[in-house]
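Colleague: 3D, please:
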Amino acid sequence: MIEFESLTYSYRSGEHRALDHISLSIHQGDWVSIIGHNGSGKSTLVKILMGILEDYEGVIRVEGTVLDDENRAELRKRFAIVFQNPDNQFVGATVEDDVAFGLENNGVPREEMVRRTEAALQAVNMLSYRDHEPSRLSGGQKQRVAIASALAMAPDVLILDEATSMIDPEGRREVLDILQKIHHEGRTTLIFITHDLTEIEQSDHAVIMREGRIISEGTVEEIYQDTDALIASRLVLPFHIKLSKRLLDGAYMSYDELVRRL
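Modeller: Alright, predicted model coming up:
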C-alpha cells in the first residue's frame, strides 16, 4: 500500500537528520504501529506522508505510484489523520456538523453526506451524541469523534499520531477498541504512532524508531523479545509481558491469554 525508500529529512540545513534513510513497507489492511520517544522521527514520517512537510530525499510509493508534485494532492485524498489533541480538529458547533464538515468541503451530495456521517458516528459508538457540542465531551469521546470525521472521508489509510496520549486510561481503551473494530473489517490500513508499548498488541507489524532510524521491526512478539532495541529506545515492556516471561518460561502471551493461563 505504502512504501518508503531511503526517506531522509532534516528540519534545517546542516542539522542532524530527523529521518535517516528510512525504508519501510506497509501492506493494505494491516495495522502498523510505529513506536518511539520524542525525537525518534515517527511523527516526521507521517507529516511527510500527509504533505505537512516537504523537501525530503528518497521515494514514497502509494500502490506502486511514486508520490510527486503532479499526483501528490490526488493520492493524499486517500489518507486521513487524527492528531494528538482532538480539540485542534473541531470546527463544527455539534458533533454531527463536525463529522460532516470535510464531506461538505469536498462537495459530497447531501443525501450521501448524511449517510456517511451517520455511519461514521455509528462506527465509533457516538451516534447518540450527534447533537452535542464537541467541547462538552470527555477526552475519549472527543477522540472518537475525530476518528469518525476521518472515517467519513472513506480513507484507504487512517493515521493516528499519538492519538491516545492526551486522554485517560478509559478513553484510551475506548479508542483502541474502535481501532480493533476497524481493523477487523479489513478495508482500512492503520498507521498508529505511539510511545507506549501497551498499545501495540493488536498490530500486525510494529516498528521501533530511534534518532531518525528504524532499529527494529517485526511482529509484536518479535518486538517484545528484542530486549536490546527496547533498552536502546528507553521503552518499557508492559507489566503482563514481564509477568509472563517470569512465570511461563519466557513465553510471550497477550494480556487475555495470560489471564486465561493463570
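
Colleague: every contact and neighbour count from this point should use C-alpha atoms.
Modeller: OK.

Colleague: who's in contact with Ile215?
Modeller: Taking Cα atoms under 8 Å, 6 or more residues apart in numbering, we find Ile215 in contact with Val207, Ile208, Met209, Ala229.

Colleague: out of those residues, the closest to Tyr11 would be?
Modeller: Met209 (17.5 Å; Cα to Cα).

Colleague: quick one: strands adjacent to the strand or helix carrying the closest one?
Modeller: Met209 is part of strand 205-210 when elements are defined by DSSP states H and E. Using DSSP bridges, strand 205-210 pairs in its sheet with strand 31-35 (parallel), strand 213-218 (antiparallel).

Colleague: what lies in contact with whichever helix or strand comes after the last one?
Modeller: If I follow you right, that is strand 213-218. Using DSSP H and E, the helix or strand that directly follows strand 213-218 along the chain is helix 220-225. Residues from elsewhere that reach helix 220-225 (Cα under 8 Å, 6+ apart): 200-201, 203-208, 216-217, 230, 237, 241, 252.

Colleague: which residue ranges of the stretch 51-200 of the chain form helices?
Modeller: 72-75, 95-105, 110-123, 139-152, 169-185 (DSSP state H, counting those that start in this stretch).

Colleague: state the mean pLDDT of the second one.
Modeller: For helix 95-105, the mean per-residue pLDDT is 89.

Colleague: now swap in the fourth one and tell me
Modeller: Helix 139-152 carries an average pLDDT of 89.

Colleague: next: stretch 30-46.
Modeller: pLDDT averaged over stretch 30-46 gives 93.

Colleague: same check, this time on stretch 191-208
Modeller: 93.

Colleague: give me the buried positions along it.
Modeller: Neighbour-count burial for stretch 191-208 flags 191-197, 199-208 (criterion: 16 or more other Cα atoms under 10 Å).

Colleague: same question, stretch 124-143
Modeller: Buried residues in stretch 124-143 (16+ other Cα under 10 Å): 124-127, 129-130, 133-134, 139-143.

Colleague: tell me the phi and psi of Glu63?
Modeller: phi 50, psi 40 (degrees, to the nearest 10).

Colleague: does it touch Met1 like I think?
Modeller: Yes - at 4.7 Å, Glu63 and Met1 qualify as touching, with contact defined as Cα atoms under 8 Å.

Colleague: report the angle between the helix or strand where Ile48 lies and strand 31-35.
Modeller: In the assignment (DSSP H and E), Ile48 maps to helix 42-49. Interaxial angle, helix 42-49 versus strand 31-35 (axes from the mean of the first three to the mean of the last three Cα atoms, to 10 degrees): 130 degrees.

Colleague: quick one: helix 42-49 to chain centroid distance?
Modeller: 11 Å (Cα atoms, centre = their mean, to the nearest Å).

Colleague: any chance you could list what contacts it?
Modeller: 18-19, 34-36, 53-54, 56, 60, 76, 159, 161, 193, 209, 212.

Colleague: count the neighbours of Met166 for me.
Modeller: Here the number of neighbours of Met166 (other Cα atoms under 10 Å) works out to 15.

Colleague: how about it, what does it touch?
Modeller: Contacts of Met166 (Cα under 8 Å, 6+ apart): Gln84, Asn85, Gly139.

Colleague: dump the strands paired with strand 205-210 to CSV, plus distance to Glu104.
Modeller: Formatted as CSV, the strands paired with strand 205-210 follow (distance: least, Cα to Cα, whole Å):
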stretch, distance to Glu104
strand 31-35, 29
strand 213-218, 39
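
Colleague: any idea which of those is most buried?
Modeller: strand 31-35 (a mean of 27; mean count of other Cα atoms under 10 Å).

Colleague: may I have it as PDB, with CA atoms only?
Modeller: Written as PDB, here are the backbone C-alpha positions of strand 31-35 (Å, rounded to 0.1, in the frame of the first residue of the first chain):
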ATOM      1  CA  TRP A  31      -2.300  -2.300  11.400                       C
ATOM      2  CA  VAL A  32       1.200  -1.000  11.600                       C
ATOM      3  CA  SER A  33       2.400   0.600  14.900                       C
ATOM      4  CA  ILE A  34       5.400   2.900  14.900                       C
ATOM      5  CA  ILE A  35       6.900   3.300  18.400                       C
END
